[in-house]
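> What would the 3D arrangement of this be:
(one chain, ligands or ions: 1)
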Amino acid sequence: MSKILQKLISAGADISTRKTLKSALRVLGIKPENIDKLYIELKNSINEDMFSKIPPKDKVVFIPQCLRNSKRCKAKLTGLGYKCMSCCRCRARKIREKGESLGYRVFIVPGDSMVFNIVRKFKPKAVFGIGCLKELVIAAEEIGIPAMAVELSKDGCVDTTVNLEKIFEIL
Ligand code: SF4
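Residues are numbered from 1 along each chain as shown. The predicted structure follows:
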């Protein structure tokens, strides 16, 4: 956990939402470089323990569609996201296979609205999401169940990248 978060927690600040986190930082005179990054780090540290205790069968993994290989992808878009056809060794496939081998339900999704639909449909006890910071913050604030998240290391809408080791460590 970063020093900023430790300081906030020991000060007893309300950091339950991005908004209260922002106010707490202002009160303490802290100017974080990136409040969204800090917010996701905070959520991960709060949820980590709970997430690890829930069996994979009760958890869902969301992979953003941009981790597919845009030039080769043969996946078909369905009501539950992209159905991977295992056409190459793209990062989306590697994460999907790892997650499924551990017993998770894994979805390759085009955006946040499908994430919320899938959560409503399958009612998982926790979720793990990969995405750009903006989408992770929206999901973290609205998902309503324990969530872990990893930010893309290169974002954009196509051919993005992510640190696979970080993901596998959480799974
Ligand atoms: S392996 Fe799956 S997700 Fe990746 S490019 Fe091929 S069909 Fe698309």
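> going forward, measure contacts and count neighbours with C-alpha atoms only.
Fine.
> Near the ligand, which residues of this structure are found?
Applying Cα under 6 Å from any ligand atom, we find that the chain lies next to the ligand at 68-69, 72-75, 84-90, 92-93.
> Return the member of those residues nearest to residue 101.
Proximity of the residues of the chain next to the ligand to residue 101 was ranked by Cα to Cα; the top entry is residue 93 with 11.9 Å.
> hang on, that closest one is in a strand, isn't it?
No: residue state for residue 93 (DSSP: H, G, I helix; E, B strand; the rest coil) corresponds to helix; a strand is not indicated.
> count of residues packed around it?
20 (other Cα atoms under 10 Å).
> list the contacts for it?
Contacts for residue 93 were tallied using Cα atoms under 8 Å, 6 or more residues apart in numbering; they are 68, 84, 86.
> so which of those comes closest to residue 99?
residue 84 (13.5 Å).
> May I see the PyMOL selection of the buried members of the residues of the chain next to the ligand?
In PyMOL, this line selects whichever of the residues of the chain next to the ligand come out buried by 16 or more other Cα atoms under 10 Å:
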select buried, resi 68+69+74+75+84+90+92+93
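> Touching the longest helix along the chain from outside, list them.
The helix that spans the most residues within the chain, counting by DSSP state H, is helix 35-53. By Cα under 8 Å, 6+ apart, the list of residues contacting helix 35-53 from outside reads 1, 5, 18, 21-22, 32, 126, 133-134, 136-137, 140, 146-149.
> Helices of the protein, residue ranges please.
Along the chain, counting by DSSP H, helices occupy 3-10, 18-27, 35-53, 91-102, 112-122, 133-142, 164-170.
> what's the closest of those to residue 61?
For those, distance to residue 61 was read as Cα to Cα. The smallest value, 7.2 Å, belongs to helix 91-102.
> Off-centre distance for the closest one?
Helix 91-102 sits 15 Å away from the centroid of its parent chain (Cα atoms, centre = their mean, to the nearest Å).
> how about it: buried residues?
Those would be 91-93, 95-96, 99-100, for helix 91-102 by 16+ other Cα under 10 Å.
> Serialize those residues to TSV and add fields for pLDDT.
Listed next are these as TSV, based on pLDDT from 0 to 100:
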residue	pLDDT
91	97
92	97
93	97
95	98
96	98
99	98
100	98
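> Nearest to residue 59 among these?
Lowest distance from residue 59 to those (Cα to Cα) belongs to residue 99, with 10.0 Å.
> Leaving out sequence neighbours, find the closest residue to the closest one.
Distance criterion Cα to Cα, 6 or more residues apart in numbering; nearest residue to residue 99, sequence neighbours excluded, is residue 106 at 6.4 Å.
> Need the pLDDT of the one you found.
Looking at residue 106, its pLDDT is 98.
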